[in-house]
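# predicted model and sequence follow; I will ask about them next.
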Amino acid sequence: MQNNPLHITIFPSYDTTTQTYSPVRTPLQFSLLLSGTLDVFEARSRHLANPTAVGGANMLLSGDFGLLHAIDDRLAAYGFETNTGVKFVAVVDMRGRPAKNAAAGSGGGRGSSGGGIGGVGLRDNELKPVFRAVQTAYVRLLQNPFYDPDETTPLAGAKRITSRKFGDEMKRIGETWMPGVTAL
């Protein structure tokens, strides 16, 4: 909606050298990364609008923009856009999670928006469950009669989503997702 972030959830990443969880970037740095991904959305949208674009129809139908930006050797931003123009971005820490948490089934460790397998990268379909779950949570938020989506437009002061239920759902998605999970 008007390219202002409606909700940002940051999960601390597992640092294998110190064996602790710590944020990879500050909230301000993540906001700047998110702003940078908007340029990629815009460039790809223009490319898709071109009738001679190769492979554009599949992306246009699914909304999956795939890898938007490899920030460094550790972080990668992936994107999805709904048919109403709402953009979802997941920044993934490619360094991974501790194996003991993933094997214990406790929801795994936490990454910037999930986790990855150290330096290997993600296949195209591995973030589809994340985007599907985020879109479902967003639709449920819009169905709430007490939520006013017009409050999140720049003309109304660009308020962020403050729904505790929505925030809890984002936290659940981020803490349970890992590569290979097919449903959230």
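Yep, that arrived. Please read all numbers here as calculations on a predicted model, not as lab measurements.
# going by C-alpha atoms from here, please, whenever you check contacts or count neighbours.
Will do.
# so where's the protein uncertain?
1-2, 48-62, 96-121, 151-158 (pLDDT under 70).
# list the buried residues for the longest helix seen in it?
In the chain, taking DSSP state H as the definition, the longest helix is helix 27-49. Residues of helix 27-49 classed as buried: F30, L33, L34, T37, L38, V40, F41, R44, S45, L48 (neighbour count, 16 or more other Cα atoms under 10 Å).
# wait, the fourth one sits on L67?
If I follow you right, that is T37. No - counting by Cα atoms under 8 Å, T37 does not reach L67; the two are 9.9 Å apart.
# what do these two both touch?
With contacts defined as Cα atoms under 8 Å, 6 or more residues apart in numbering, the residues shared by T37 and L67 are A77.
# break down the protein into its strands, ranges please.
Secondary structure of the chain (DSSP state E): strands at 13-15, 20-22, 64-70, 75-81, 87-93.
# which strand residues bridge the residue nearest the centre of the chain?
Centroid-nearest residue in the chain, with Cα atoms, centre = their mean: A90, separated by 2.0 Å. For A90, the beta-bridge partners under DSSP bridges are Y78.
# that one and L75 touch, don't they?
No - taking Cα under 8 Å as the definition, A90 is not a contact partner of L75, at 10.1 Å.
# list the residues that contact N83.
G63.
# now do the helices in the chain.
Going by DSSP H, the chain shows helices at 27-49, 56-62, 99-104, 128-143, 164-176.
# between these, which gets nearest to I71?
When these are compared by Cα to Cα, helix 27-49 sits nearest I71, at 8.1 Å.
# as CSV, could you dump the C-alpha coordinates of that closest one?
Written as CSV, here are the backbone C-alpha positions of helix 27-49 (Å, rounded to 0.1, in the frame of the first residue of the first chain):
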residue,chain,number,x,y,z
PRO,A,27,15.8,-2.1,12.3
LEU,A,28,16.8,1.0,10.4
GLN,A,29,19.1,-1.1,8.2
PHE,A,30,16.3,-3.5,7.5
SER,A,31,14.0,-0.6,6.6
LEU,A,32,16.6,0.6,4.1
LEU,A,33,16.9,-2.9,2.6
LEU,A,34,13.1,-3.1,2.3
SER,A,35,13.1,0.2,0.5
GLY,A,36,15.7,-1.0,-1.9
THR,A,37,13.6,-4.0,-2.8
LEU,A,38,10.8,-1.7,-4.0
ASP,A,39,13.0,-0.7,-6.9
VAL,A,40,13.3,-4.4,-8.0
PHE,A,41,9.5,-4.8,-7.8
GLU,A,42,9.1,-1.8,-10.0
ALA,A,43,11.7,-2.8,-12.5
ARG,A,44,10.3,-6.3,-12.8
SER,A,45,6.7,-5.0,-13.0
ARG,A,46,7.7,-2.8,-16.0
HIS,A,47,9.4,-5.8,-17.5
LEU,A,48,6.2,-7.9,-17.1
ALA,A,49,4.1,-5.2,-18.6
